[in-house]
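Q: Following is a predicted model, sequence given first.
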Amino acid sequence: MPSRPGLINNPVFPVGIEIPGPDKLTNRTNLETVTILMQFPDNRADTIQRSPARFDSMLYSSGSYNNQSYRQGSLNDYYLENSYGNYHVQGVIAGNRWFMSSHNYSEYYDGNYMLSTGDDLARDNVQQVD
């Protein structure tokens, strides 16, 4: 089946990303992040099976994640492998706990991967943690 017309020759990008920005990772060896675990009154997380420690291991561990081999490891392992050991992802889980959003998930969900509401969600999350 042929691809949708215009998909390959004329890709559609959200406004503002059609021109690549500067490479801000030049001469950098570490990416430092903070992860906010957020659940919603109408969409609660399984905080037992998905503990903050599990996310910390999934994102920031080095060499093993859930006792898996290196190639099935963490986000940090992925970047280490693909940068030939030159780039690390480091960070923390904010508060080492799950936070409860002051709004329902349904208020943020826009049917388009939260492209139009993600900034509101991020702003609300950071304000709550701060």
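A: Okay, I see it. Remember, it's a predicted structure, so these values are computed and weren't measured experimentally.

Q: Is residue 33 in a helix, a strand, or coil?
A: The assignment at residue 33 comes out as strand when based on DSSP: H, G, I helix; E, B strand; the rest coil.

Q: Who does it form a beta bridge with?
A: Beta-bridge pairing of residue 33 under DSSP bridges involves residue 91.

Q: Can you give the distance of stretch 40-58 from its chain's centre?
A: Its chain's average C-alpha position is 14 Å from that of stretch 40-58, according to C-alpha atoms, centre = their mean, to the nearest Å.

Q: next one: stretch 87-98
A: Stretch 87-98 sits 11 Å away from the centroid of its parent chain (C-alpha atoms, centre = their mean).

Q: count of residues packed around residue 77?
A: Using other C-beta atoms under 10 Å, residue 77 has 22 neighbouring residues. Where you see a C-beta, it was placed from the backbone N, CA and C, and this is true even at glycine.

Q: Quick test: name the residue nearest the centre of the chain.
A: Geometric centre of the chain, nearest residue: residue 35, 7.9 Å, by C-alpha atoms, centre = their mean.
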